[in-house]
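Colleague: What follows is a predicted protein model with its sequence.
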Amino acid sequence: MKIIIYGSTEIGCLLATEFFEDHDITLIDKEENRTNELESLDISFVQGNAANIEVLKSAGIKDADVFIACTNLDEANIVACLSAKNISRVRTICFVNREEYKNILTFEKNNETSRNFFIDYIIWPEEHLMQEIFRIVTVAQALDVENFADGRARLLEYKIQPNLSIIGKKVKECNFTPDTLIVGITRNGDLFIPNGDTEILEGDKLIFMGTVHSLGILAGTFFHEKEMVKSVAIIGGGTVGRMLAKALETLRIKIKIIEKDYDRCQYLSEHLNNTLVINGDGTNLKLLNEEEIGLADVVISVTNNDERNLLCSLLSKQIGVKKVIARVSKVLNIPLFEKVGIDVAISPKNSAINEVKNDLQENGADILATVEQGQGEVLEINVKPEFNGKKVMELRFPERAIIGVILRRNKVIIPKGDTEIHSDDILIIFTTSENAQKIKGFFKV
């Protein structure tokens with residue numbers, strides 16, 4: 001596939017790094033924005049502005065499959081996508097930072113009278129960040145939550161805390177709940193696929209797949225989890241904080257927002273119905289204690305500043321909050337946040353890149369989710385006739401992978417070794433990112 005990327009921003013570099021090994025990548029930007037990181041990749045570089053038709057032609061737009069605009073300027077991205085669409089049949093993906101542009105472009109895309117004003121896919125990273133945080137908040141102790149099969153199946157990730165009964169046991173000795181599979185373990189930052197003899201250690205992150213009901217029993221049995229999250233404190237009342245509070249209000253959760261800017265607090269008070277808005281500094285320990293933030297089930301720090309989010313998160317941990325989620329603008333800062341004890345560190349850029357990866361998948365195999373900063377992938381694969389009647393234990397994968405869920409018409413099956421797969425089944429498979437291509441090749445997709 002030929003992919004043209006406009007913008008050597010952090011997102012542009014991450015996308016180029018992600019795709020250059022399997023695709024033909026051309027990057028467009030000014031020469032002064034060309035970085036050493038890009039020089040180390042086997043990609044083409046075209047100097048100029050992608051809003052210029054001649055620049056697009058020199059980059060090979062007429063032969064391209066996908067055009068991605070991800071500069072820091074929304075207007076530049078929009079114009080570049082429209083220019084590309086005007087002279088080619090390329091699929092356009094446009095990154096925007098402002099909500100109004102997302103709304104306008106989505107409206108125009110669905111408006112039959114605006115066929116010339118058309119961009120295929122609009123990505124607003126903050127929206128995807130909010131949605132990811134929302135999923136994680138709804139399960140008290142989980143570090144990651146992904147829903148499949150219209151919410152009937154899930155992936156949950158938990159960290160093994162001290163004194164849990166399963167520490168030191170082998171996976172086959174744990175007697176996890178039926179309709180639940182342990183599909184991955186992250187240990188010292190590295191993800192691997194376990195087997196029955198894998199021993200569970202303190203500090204491991206365990207990734208499970210199963211039905212919603214069975215995972216709920218698992219949580220209560222092994223992780224001493226509360227039935228539900230009842231109170232959330234959000235530090236930072238920007239766009240993400242506002243959208244998150246609005247979404248959480250639908251769950252009847254007690255919500256507080258701490259925001260420094262007084263005018264922004266007034267705006268939040270007018271647009272939120274059941275959220276307590278507090279004008280103050282989330283790095284002020286006295287304020288956190290006065291507002292009883294330590295009693296919250298979850299604290300989420302989503303300001304636009306990594307250093308402030310880190311400090312707010314550490315202070316929240318200090319006053320006794322069990323689960324802390326922090327927004328991280330710079331992807332390279334995520335390991336630092338996790339190393340100092342922040343439960344969940346999420347980047348809007350990573351969330352958006354996952355959307356691009358899924359959008360670029362060919363028919364027959366989709367990436368439903370990625371975990372552990374892209375180390376693991378959840379694949380959705382349609383079963384072809386030649387695999388009809390084969391048992392799961394008869395499949396000889398070229399690399400480690402686990403079929404976590406089988407979707408058969410309206411039925412959700414958590415497979416065992418003797419489970420047969422049928423033509424037209426949909427398999428939800430967990431594997432490492434480095435092995436995903438081989439697993440797709442095994443199923444001939």
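Modeller: Noted; the coordinates are in hand.
Colleague: Now do the same contact list for Asn273.
Modeller: By C-beta atoms under 8 Å, 6 or more residues apart in numbering, the contact set of Asn273 is Glu249. For glycine as for every other residue, the C-beta is placed from the backbone atoms N, C-alpha and C.
Colleague: What's the separation between it and Asp204?
Modeller: 41 Å (C-beta to C-beta, to the nearest Å).
Colleague: Ala326 and Glu307 touch, don't they?
Modeller: No - the pair Ala326 and Glu307 fails to qualify as a contact (C-beta atoms under 8 Å) at a distance of 10.9 Å.
Colleague: Which one of the two is surrounded by more residues?
Modeller: Using other C-beta atoms under 10 Å, the more surrounded residue of Ala326 and Glu307 is Ala326, with 30 against 10.
Colleague: The residue of the chain positioned farthest from its centre in helix, strand or coil?
Modeller: No residue in the chain sits farther from the centre than Glu54, which is 35.9 Å out by C-alpha atoms, centre = their mean. Under DSSP: H, G, I helix; E, B strand; the rest coil, the three-state class of Glu54 is helix.
Colleague: Look up the closest residue to it, ignoring the ones flanking it.
Modeller: Take Glu54 and drop its neighbours on the chain: the residue closest to it by C-beta to C-beta, 6 or more residues apart in numbering is Gly48, 8.0 Å away.
Colleague: show me the contacts for that neighbour.
Modeller: 28, 30, 54-55, 58.
Colleague: Now, of the residues you listed, which are buried?
Modeller: Buried members of the contacts of Gly48, scored by 16 or more other C-beta atoms under 10 Å, are 28, 55.
Colleague: sorry, back to before: the residue nearest to Glu54 and Glu39, how far apart?
Modeller: 18 Å.
Colleague: element containing the residue nearest the centre of the chain, please.
Modeller: For the chain, the residue sitting closest to the mean C-alpha position, by C-alpha atoms, centre = their mean, is Ser351 at 4.0 Å. Assigned by DSSP states H and E, Ser351 falls within helix 348-359.
Colleague: Confirm that Gly404 sits in a strand.
Modeller: Yes - membership of Gly404 in a strand is supported by three-state DSSP.
Colleague: In contact with it, which residues?
Modeller: Neighbours of Gly404 in contact, by C-beta under 8 Å, 6+ apart: 153, 155, 181, 183, 209-210, 378, 414, 428-430.
Colleague: run the last query once more with 6 Å
Modeller: 181, 183, 209, 428, 430 (C-beta atoms under 6 Å, 6 or more residues apart in numbering).
Colleague: what sits up against stretch 171-183?
Modeller: Contacts of stretch 171-183 from elsewhere in the structure, counted by C-beta under 6 Å, 6+ apart, are 166, 194, 196, 198, 206-211, 214, 217-218, 402, 404, 414, 430.
Colleague: residue ranges of the strands in the stretch 1-150 of the chain, please?
Modeller: All strands of the stretch 1-150 of the chain, identified by DSSP state E, counting those that start in this stretch, fall at 2-6, 24-29, 44-47, 66-69, 91-95, 121-123, 144-148.
Colleague: For the longest one, give me every contacting residue.
Modeller: Spelled out, that is strand 24-29. Counting by C-beta under 6 Å, 6+ apart, 2-8, 16, 19, 43-46, 50, 59 sit against strand 24-29.
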